[in-house]
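K.L.:
Give me the fold of what follows.
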Amino acid sequence: MIFGKHDQQTLAQFADVAQRGVKAALMADGHLGYIMPIGGVVAYRNQVSVAGVGFDIGCGNAAIRTDLKLDEIAPDLERLADAIAQTVSFGLGRRNTADDAPTDHPLFDDPAWEALPNGVRDELKEKARAQLGTVGSGNHYVDVLADTEEQIWVAVHFGSRGLGHSIASGFMALAQGAEWGAKVPATEGLLDLDSPLGEAYWALMDLAGQYARIGREWVARKVVGLLGGRELELIHNHHNFAWKEVHGGEELVVVRKGATPAFPGQKGFVGGSMGDIAVILQGSDDPQVRAIQEQALFSTVHGAGRIIGRRAAKGKVNRRGEVVEPGLVSLEAMRAALAEKGVILRGGGVDEAPQVYRRLRDVLDAQGPTVQVLTVLTPLIVVMAGANEVDPYKD
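P.N.:
Presented below is the predicted three-dimensional model:
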């Protein structure tokens, strides 16, 4: 099942991975990814795809509805944007003022750590402690938004950081008979869950998913506190993960890469670009669309979907800082688009400008009646890593 329109490279990549699954679907925000397209969903029989889950295991969104109203924070938005940027760490490591992430969480005593090779276990655990609660770079963000009733929401998007990247890289090598840490060609990395390797990967994937969830909730609640608000509702979803689910009366392993689970009544947060709306949605509970939902593997979009690559957007600059190849989006055009929408930005670069993404309303229209939009959110503050931030763990 394919929702929306896609370029030929994306369709060819989807067709390739789909042939090794039992069922497959491509969401309307789909675009070319690493082995498997972003927005791709594939169901396997007792197998999991390392490349399908991806390197940012457990990447996802958390959104908190607060008790604040727009008029309570509107005069103070610039200061609040600065406070978020100064308090929450973006990019590679934790280096901003907040240093109270739950690094003593019981997660760090989980038996799943034993599935890592002895030589890397302690080092990776300490890296995970150091990066817990950091947001990263790329398309990862902290947003402050207002709904149509002028209620304030806080939303975050990021994943498992270096922990997930190391797990994915390690099992990509192990799946090809190489040693942990070896550089290997890009492959799908299909693992049988009955095998020791598949069992180990599944345990560590779940661990990375828990880690991502803990980090997102900590950051989102930290920002709610900075705003002076109180949490009323939390909506939380992974969109780079694998689940054991029953489809057509059969238990299958469903890998969603850049796709949000959307079973009937299940809520999700989906963000657009930094200058676009975001939404709270849920899987439709209309029995008349159940057949389409089943073809979608009860999944929906995770964002607006990139239409211009990072390199094309930014252009090319040499070591002397000279532009040798102009990008398709200028800093002035990005700033003008945000000013028109009244969005306050901290960090970010032209490779994340509104111009490089589809419009979220169009994507949702293409996804059809499989989901119901419950709340439309308008961005007030967007905080991201700096334009030149180097982060090997970004999405």
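K.L.:
where does the stretch 101-250 of the chain dip in pLDDT?
P.N.:
By pLDDT under 70, the stretch 101-250 of the chain has no low-scoring segment.
K.L.:
Quick one: the strands in the stretch 251-395 of the chain, in order.
P.N.:
259-261, 267-271, 278-283, 299-301, 315-317, 323-326, 344-348, 371-386 (DSSP state E, counting those that start in this stretch).
K.L.:
ranking these by burial, who's on top?
P.N.:
Neighbour counts (mean count of other CB atoms under 10 Å) averaged over each of those peak at strand 299-301, with a mean of 31. Yep, even glycine has a C-beta here, placed from its N, CA and C like the rest.
K.L.:
who does that one touch, helix- and strand-wise?
P.N.:
Here strand 299-301 touches strand 23-31, strand 259-261, strand 267-271, helix 360-367, going by 3 or more CB pairs under 8 Å, 6 or more residues apart in numbering; DSSP states H and E.
K.L.:
Any chance of JSON lines for those, columns mean pLDDT?
P.N.:
Compiled in JSON lines, the helices and strands packed on strand 299-301 are given as follows (pLDDT from 0 to 100):
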{"stretch": "strand 23-31", "mean pLDDT": "97"}
{"stretch": "strand 259-261", "mean pLDDT": "97"}
{"stretch": "strand 267-271", "mean pLDDT": "97"}
{"stretch": "helix 360-367", "mean pLDDT": "96"}
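K.L.:
Mind putting the ones you listed into CSV with distance to Lys222?
P.N.:
Output for those, formatted as CSV (distance: least, CB to CB, whole Å):
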stretch, distance to Lys222
strand 23-31, 28
strand 259-261, 24
strand 267-271, 17
helix 360-367, 26
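K.L.:
buried ones in the lengthiest helix in the chain?
P.N.:
Determined from DSSP state H, the single longest helix within the chain is helix 196-227. By 16 or more other CB atoms under 10 Å, the buried positions in helix 196-227 come out as 198, 200-224, 226-227.
K.L.:
can you pull out the helices in this protein?
P.N.:
Under DSSP H, the chain gives helices at 8-18, 50-53, 70-73, 77-87, 118-131, 161-174, 196-227, 290-295, 310-314, 331-341, 360-367.
K.L.:
To Val254, which of those helices lies closest?
P.N.:
Val254 lies closest, by CB to CB, to one member of these: helix 50-53, at 9.8 Å.
K.L.:
elements contacting that closest one?
P.N.:
Using 3+ CB pairs under 8 Å, 6+ apart: helix 50-53 touches helix 161-174, strand 240-247, strand 250-257.
K.L.:
circling back: now render the strands of the stretch 251-395 of the chain as CSV, adding distance to Thr87.
P.N.:
What follows is the strands of the stretch 251-395 of the chain, written out as CSV (distance: least, CB to CB, whole Å):
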stretch, distance to Thr87
strand 259-261, 28
strand 267-271, 21
strand 278-283, 22
strand 299-301, 30
strand 315-317, 31
strand 323-326, 34
strand 344-348, 11
strand 371-386, 10
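K.L.:
nearest to Gly181, of these?
P.N.:
strand 371-386 (26.2 Å).
K.L.:
pLDDT at the closest residue to Leu360 other than its chain neighbours, what is it?
P.N.:
Using CB to CB, 6 or more residues apart in numbering and skipping the chain neighbours, the partner closest in space to Leu360 is Gly272 (3.5 Å). pLDDT recorded at Gly272 is 93.
K.L.:
Pretty sure Arg359 is one of the things Gly272 touches, is it not?
P.N.:
Yes. In this structure, Gly272 is within contact of Arg359 by CB atoms under 8 Å, at 7.1 Å.
K.L.:
Common neighbours of the two, please.
P.N.:
Counting by CB atoms under 8 Å, 6 or more residues apart in numbering, the common neighbours of Gly272 and Arg359 are Ala304.
K.L.:
Among the helices of the chain, which comes closest to Pro102?
P.N.:
Nearest to Pro102, of these and by CB to CB, is helix 196-227 at 6.2 Å.
K.L.:
ok and that closest one relative to strand 250-257, angle-wise?
P.N.:
Here the directions of helix 196-227 and strand 250-257 differ by 50 degrees (axes from the mean of the first three to the mean of the last three CA atoms, to 10 degrees).
K.L.:
Tell me how far the residue in the chain sticking out farthest from the centre lies from Ala313.
P.N.:
Here the chain reaches farthest from its C-alpha mean at Arg320, the gap being 33.6 Å by CA atoms, centre = their mean. Distance of Arg320 to Ala313, given as CB to CB, to the nearest Å: 21 Å.
K.L.:
Can you give me the neighbour number for Gln355?
P.N.:
Residues near Gln355, counting by other CB atoms under 10 Å, number 17.
K.L.:
Could you count how many residues lie near the closest residue to it other than its chain neighbours?
P.N.:
Spatially, and ignoring its direct neighbours in sequence, Gln355 is nearest to Val329 (4.9 Å; CB to CB, 6+ apart). Neighbours of Val329 under the rule other CB under 10 Å: 22.
K.L.:
pretty sure Val329 contacts Val356?
P.N.:
Yes. Contact status for Val329 versus Val356: in contact at 6.3 Å, counting by CB under 8 Å.
K.L.:
Give the residues shared as contacts by those two.
P.N.:
Ile308, Ala313, Val350.
K.L.:
Next, find the distance separating the first one from Asp7.
P.N.:
Spelled out, it's Ile308. 12 Å.
K.L.:
Compare neighbour counts for those two and give me the winner.
P.N.:
Neighbours of Ile308 and Asp7, each counted by other CB under 10 Å, are more numerous for Ile308; the result is 18 against 12.
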